[in-house]
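[1] Kindly return the folded structure for what I paste below:
(one chain, ligands or ions: 1)
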Amino acid sequence: MDSTRSNSSDHLDQHIKLEEIRLLYGGTPFSYTASIVIALIIYNILIGHAASQQNLNVWLFIILSVLFIRSIDSYRFSKRTKQQQLDSSWRIRFFIGTGIAGFSWGLLPWLGYSAEVEYFSFILVCLVGVIAGSLSTLAYRWETLALFLLPASVLLILRLLIEDKNFFTATSFVLLVFIFFSLSAGRKIFNNTQQNIRLRLEADSRERAIELMHQKQALHLQNTPLAIIEFDIDLNVTEWNKAAETIFGYSHTEAIDENIMRLILSRDSSIEAEKLWQRLLNYEAVTGTVIENKKKSKEPIFCEWFVTPLTDEKNEIVGIAAMALDITEKKQNELAIIKSKEEAEKANQAKSDFLSSMSHELRTPLNAILGFTQLLKYEKTLTDKQQSHISEISNAGNLLLELVNQILDLARIEKGHLQLSMEKIALADCFKEVRAMVSPLAEKNDLTLDINIENNGYVVADYTRLKQVMLNLLSNAIKYNIEHGSVCLKAFQKDNDIVRISVIDSGKGISQEQLQEIFLPFSRLNAASSIEGTGIGLSISKQLVEMMNGSIGVSSTVNEGSEFWIELTGNLNITAASEPEKMTSPPSHSLVSESTANHTILVAEDNPTNQTLIMSQLEALGYTAELVENGQEALNKMVNTDYQLLLTDCNMPLLDGYKLAQTIRERGDHELPIVALTADAFPEKKAECLKAGMTDHITKPVDLQTLKDTLEKYLS
Ligand code: ADP
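    The predicted model follows:
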């Protein structure tokens, strides 16, 4: 900043110097001509009266020579460029020339001396005139004036003093006073001149700067991509730049004095424009408002507007200044992105719908496969080999069921349909339950299972989903372990309110590259061929944990083992109310319940295979049941017979399970237990069944034990 200021003041000083020297040299034609004329007149008058004619000749010669040499110098100066004129040699030469000229004029009383008083007085007057005249041409530089005045006047005064006559003494005194005032007048003129030069130069440079600014503004105004438009209070256009012409298609002449609204506002945007106008009338500047406009060709465009009211000295709005940027392309891109996002969402939705309907469809045949397999397991006449084949079918069926369930989960998470019920869960309960579930698998694989159930604390999670995640991690730790390896489940307090649950195994471990993709769906790493699995468990676990506001991670060393952990809000030092232990009936050796014979069950099921299955299952459990094919038939049957329980499929022709339950309840029968059999595994389905008036819900494939427990629960 300072350096800029000092630069510009240096620049000004240079200009002043140049101006001075040009003024000094510029005055010479006039002053030299005057000097020649005066010198010739003096010479002419003094001829015959000077003390020595020869001296007078010498004086004239000196004066004319000095003037001649200085004229040549002035001429040479006038031919130089400005830059060359700034050279200090011109200044020095002028100073020396002025000094010599002053000295030459000072020689007049000495060389042109006349003893006659009137002629001497004439010399005196002439010299005083020359000295006074020098004021006008030399005052541009104070030193030059002094250089001329001093030798001229000092020599004159000396001459007067040497004569030593009263007349001369008094005259020398007056001369001294004159010289003093001349010098001080010269000084003042010099100061004023300096000031004038400075002011003029400054004004010039300011004028040039303003001119430049105007030029730049005009250039920007014409070349900016922003349409710059001004209009008066009646909305008539007063300013319309090049960009406005390009954007809206109207030329300057076409637009000026036209109503801005009529010109560029599309009908659809009139409400927005009205709002904008109201804001402007409230003296508000509007920035970044996007309005749909129209071009001369009626083609719609989108513009982003920056508008401000223009006011007069009384603060009354006299017009509007507006800038508009054509953002049609940006807007179209945005719309295209939104459209493609919608399309992607639609495609995703279609995929999710496909997945859920496919898994639903798969559940129906799976119901038959697993159901009949389970029934066959109780068949006493089968050989060991046949039993082993049945086990294989059952295992494969269960794996398929797991896959179907996981795909359903994935689809539901993606659709955003998965709802969690977050609560404080006593870790001891959860650990106990998962231990019971994974112990048989660990035993089968000959692994040590270490699950510490002595936890007091709690975590905040959805109970079912937390169990699902822990089971996934534990079953992986068992599946991907080595012979005689170990699996450990433990929990510890990580931060104030964060609990980390870790599943540590002594398995083969996972390499760093594989860890990058371990949570991606369907990534089975290198386990694909050797160990059964679907590759979606961890991806679902991650999404579930994140939905429960937690995080999941893994660290692993190849050939040493892995640690999968989840972190959830919780505290290990605060005891959460533990759920009363559920009384799960021990698996009975005999399927047939003690008192089944007296109960009549009505089954409503439309699918023939499922009909055979459920009837066989009920028979195996020792129940007698009647079968109908839909809800309407069920209602007909119920007119004549009192049933103790109704097992109904949900989706059936004529009258589905929901409507059937609803009608039964509406008819006033609130006692009959109605149990839904549905292929839909969604919890929402259960809620829907209960809402329709059903008592309970069994998901297909129907597990024999579950069916037995449910029937006993409602028939006992
Ligand atoms: P799945 O076990 O059905 O294949 P997951 O999503 O649960 O699917 O796991 C994905 C992959 O991560 C597995 O196929 C396996 O290769 C690897 N993996 C998971 N847990 C472990 C573990 N404890 N040790 C080694 N590899 C594991």
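[2] Point me to the helix or strand that includes the residue of the stretch 551-700 of the chain found nearest the ligand.
    Distances between the stretch 551-700 of the chain and the ligand by C-beta to the nearest ligand atom are smallest at Ser562, namely 4.5 Å. All C-beta spots, glycine's among them, are computed from the backbone N, C-alpha and C. Taking DSSP states H and E as the definition, Ser562 sits inside strand 561-571.
[3] That strand: what's the following helix or strand?
    Following strand 561-571 in sequence, per DSSP H and E, is strand 600-604.
[4] hang on, the earlier thing: output the strand holding Ser562 as CSV, nothing but the C-alphas.
    What follows is strand 561-571, C-alpha atoms only, in CSV (Å, rounded to 0.1, in the frame of the first residue of the first chain):
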residue,chain,number,x,y,z
GLY,A,561,-7.8,-65.1,14.0
SER,A,562,-10.3,-62.2,13.8
GLU,A,563,-12.1,-59.9,16.1
PHE,A,564,-15.5,-58.6,15.0
TRP,A,565,-16.9,-55.9,17.2
ILE,A,566,-20.0,-53.7,17.5
GLU,A,567,-20.3,-50.6,19.5
LEU,A,568,-23.6,-49.4,20.9
THR,A,569,-24.8,-46.9,23.5
GLY,A,570,-24.8,-48.6,26.9
ASN,A,571,-23.2,-49.0,30.2
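[5] Which strands and helices lie in contact with that strand?
    In terms of contacts (3 or more C-beta pairs under 8 Å, 6 or more residues apart in numbering; DSSP states H and E), strand 561-571 is packed against strand 458-462, helix 463-479, strand 498-505, helix 537-547, strand 551-557.
[6] Please identify the pairing partners of that strand and their relative orientation?
    Using DSSP bridges, the strands paired with strand 561-571 in its sheet are strand 458-462 (antiparallel), strand 498-505 (antiparallel), strand 551-557 (antiparallel).
[7] buried set for the shortest one?
    To tie it back to what came earlier, the one meant is strand 458-462. Residues Tyr458, Val459, Val460, Ala461, Asp462 are the ones in strand 458-462 that count as buried (16 or more other C-beta atoms under 10 Å).
[8] how far does it sit from the chain's center?
    Centroid separation for strand 458-462 versus its chain: 37 Å, with C-alpha atoms, centre = their mean, to the nearest Å.
[9] Kindly calculate the angle that it makes with helix 463-479.
    When axes from the mean of the first three to the mean of the last three C-alpha atoms, to 10 degrees is applied, the directions of strand 458-462 and helix 463-479 differ by 100 degrees.
[10] now do the last one
    Relative orientation of strand 551-557 with respect to helix 463-479: 10 degrees, computed using the same axes, to 10 degrees.
[11] for the ligand, what are the nearby residues on this structure?
    Counting by C-beta under 6 Å from any ligand atom, the chain comes close to the ligand at 472, 476-477, 480, 505, 507-508, 510, 518, 523-525, 527, 533-539, 562.
[12] let's see it at 5 Å
    Proximity of the chain to the ligand (C-beta under 5 Å from any ligand atom) is limited to residues 476-477, 480, 507, 510, 524-525, 527, 533-535, 537-538, 562.
[13] biggest helix in this structure by residues?
    Scanning the chain for the longest helix, with DSSP state H as the assignment, gives helix 166-223.
[14] Average pLDDT for that one, rounded please.
    Average pLDDT, helix 166-223: 80.
[15] How far does that helix sit from its chain's centre?
    57 Å.
[16] Same check on stretch 647-663?
    How far stretch 647-663 lies from its chain's middle: 55 Å, per C-alpha atoms, centre = their mean.
[17] now swap in stretch 66-76 and tell me
    That offset, for stretch 66-76, works out to 73 Å (C-alpha atoms, centre = their mean).
[18] can you give me the strands in the stretch 351-500 of the chain?
    422-426, 448-451, 458-462, 486-495, 498-505 (DSSP state E, counting those that start in this stretch).
[19] among these, which is nearest Asp87?
    Of all these, strand 486-495 sits nearest to Asp87, with 81.1 Å by C-beta to C-beta.
[20] Good, we can wrap up now.
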